[in-house]
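*Asks:* Compute the structure for the input listed below.
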Amino acid sequence: MVNKPSSNRLVSLDFFRGLTIIGMIIVNTPGSWSYVYPPLRHAEWNGATPTDLVFPFFIFIAGVSIVLAYTKYLGKGRERGDMVPKIIKRSVTIFALGIFLALFPEFDFANLRIPGVLQRIAIVFFACALIFLYTSKKTQWWIGGVLLVGYWLIMALIPHPELGLSLAEPGINIAAWIDSTFIPGRLYQGTWDPEGLLSTLPTIASGITGMIAGHLIVSDRSQERKVIVLMIGGFVLFILGNMWNWVFPVNKHIWTSSYVLYSSGLASMMLGACYYWIDILGREQGTFTGVVFGTNAITAYVLSGVLLVVTHTNWIAGNSMVSYFMNGTTGIGMDPYLASFLWALLYCFICFIPVYYLYKNKIFIKV
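*Replies:* The predicted structure is shown next:
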């Protein structure tokens, strides 16, 4: 569906969303996986790098967007039940796009990986949208808390039926057993998947933290008060996440409860800063690229997966664009880590071109 942008869009949220998409593209497409700066890699297990914040930031933003969008719809007198078919349709569409990217370009169904980034976004969107429509703000707080505490207790107390329990090592936990037992097809880590079934529950809690921020933004409080609450509330969540880390380590791979608070706290403070700088002070200089990506975020992400065929296929003399770039830059003495990073930036620019065309022509694809 192609929509015109709303005149009262929250520019800071579009900008923040665009930054996360830019981050996703950069960390997913280095010139060589052998040469990647440490901050652009995921933590091997426990802990978090800047790269580990990109996905939960997007989930947080999705939660904010749900509140902003559906509050507007409800304000027009629409019935909640009328929105459910659209929520289902959008969730199925996003999930299907994730499956498409998993198959593209070989379409090898025998080695299909069903879990994935877009698939998880689809599930979280579906759950959070229904939670928003049919529960109160207070209940949403409770649901988020129960998901986080419940997940912690499950992971800490229920061992892998065959391997036992060790949260210090990958794959030795109940989440891994559930993945290997109930998810058909290929798993990213062989016997478990970072976008697996059980770890989707705390991811929904990440979306709920964004919904809580969204409730604040649509409230009658002053803009300055909203920024203060976003910043202080985010800092409190960040501290609580670090404290929970002592007993349930921050871990993106299994989306631990401490990771939810840690990443949502940082996302809240980031949103508060963007909201203050862009929407209150009106400082939109330098935000253009982020806004362009942010207003067609899912489209940009899908394009970033599809365009890999152009840049990574051996078109000329048995070499691809990326190999020519890496060989050429390192051949003149450039550090391979820098060359790999510059390719990621160049690829991000390549993805920017079609997204900019859509933006310039006021084409906003609502997936």
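*Asks:* Please, where are all the helices along the protein?
*Replies:* 11-28, 54-75, 80-103, 117-134, 137-157, 174-182, 200-217, 223-244, 257-274, 288-295, 297-306, 308-312, 321-331, 336-360 (DSSP state H).
*Asks:* which stretch among the ones you listed comes nearest residue 282?
*Replies:* helix 11-28 (9.4 Å; Cβ to Cβ). To be clear about C-beta, it is placed using only N, CA and C from the backbone, and glycine gets the same treatment.
*Asks:* how about CSV for the helices of the chain, with mean neighbour count and distance to residue 189 added?
*Replies:* Shown next, in CSV, are the helices of the chain (neighbours: other Cβ atoms under 10 Å; distance: least, Cβ to Cβ, whole Å):
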stretch, mean neighbour count, distance to residue 189
helix 11-28, 23, 17
helix 54-75, 22, 16
helix 80-103, 16, 15
helix 117-134, 21, 15
helix 137-157, 16, 16
helix 174-182, 19, 8
helix 200-217, 24, 16
helix 223-244, 17, 24
helix 257-274, 25, 17
helix 288-295, 22, 29
helix 297-306, 21, 20
helix 308-312, 15, 22
helix 321-331, 16, 25
helix 336-360, 18, 24
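*Asks:* Considering those helices, which stretch scores lowest in mean pLDDT?
*Replies:* Among the helices of the chain, helix 308-312 carries the lowest mean pLDDT, at a mean of 92.
*Asks:* which other helices and strands contact that one?
*Replies:* helix 321-331 (3 or more Cβ pairs under 8 Å, 6 or more residues apart in numbering; DSSP states H and E).
*Asks:* Check which helices and strands the helix it packs on sits against.
*Replies:* Against helix 321-331 (3+ Cβ pairs under 8 Å, 6+ apart) you get helix 308-312, helix 336-360.
*Asks:* so which of those gets nearest residue 174?
*Replies:* Smallest distance to residue 174 across those (Cβ to Cβ): 34.6 Å, for helix 308-312.
*Asks:* Check what contacts that closest one and list those residues.
*Replies:* Applying Cβ atoms under 8 Å, 6 or more residues apart in numbering, the contact partners of helix 308-312 are 29, 104-105, 320-322, 347, 350.
*Asks:* Out of those residues, the closest to residue 113 would be?
*Replies:* residue 104 (12.2 Å).
*Asks:* Report the distance from stretch 292-302 to the chain centre.
*Replies:* 12 Å (Cα atoms, centre = their mean, to the nearest Å).
*Asks:* same check, this time on stretch 265-277
*Replies:* Per Cα atoms, centre = their mean, the centroid offset for stretch 265-277 relative to its chain is 16 Å.
*Asks:* Can I get that stretch in CSV? Just the C-alpha atoms.
*Replies:* Written as CSV, here are the backbone C-alpha positions of stretch 265-277 (Å, rounded to 0.1, in the frame of the first residue of the first chain):
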residue,chain,number,x,y,z
GLY,A,265,16.7,2.3,28.4
LEU,A,266,19.2,3.5,25.8
ALA,A,267,16.5,3.6,23.2
SER,A,268,14.3,5.8,25.4
MET,A,269,17.2,8.2,26.0
MET,A,270,18.0,8.3,22.3
LEU,A,271,14.4,9.1,21.5
GLY,A,272,14.3,11.8,24.1
ALA,A,273,17.4,13.4,22.7
CYS,A,274,16.0,13.3,19.1
TYR,A,275,12.6,14.5,20.2
TYR,A,276,14.1,17.5,22.0
TRP,A,277,16.6,18.4,19.3
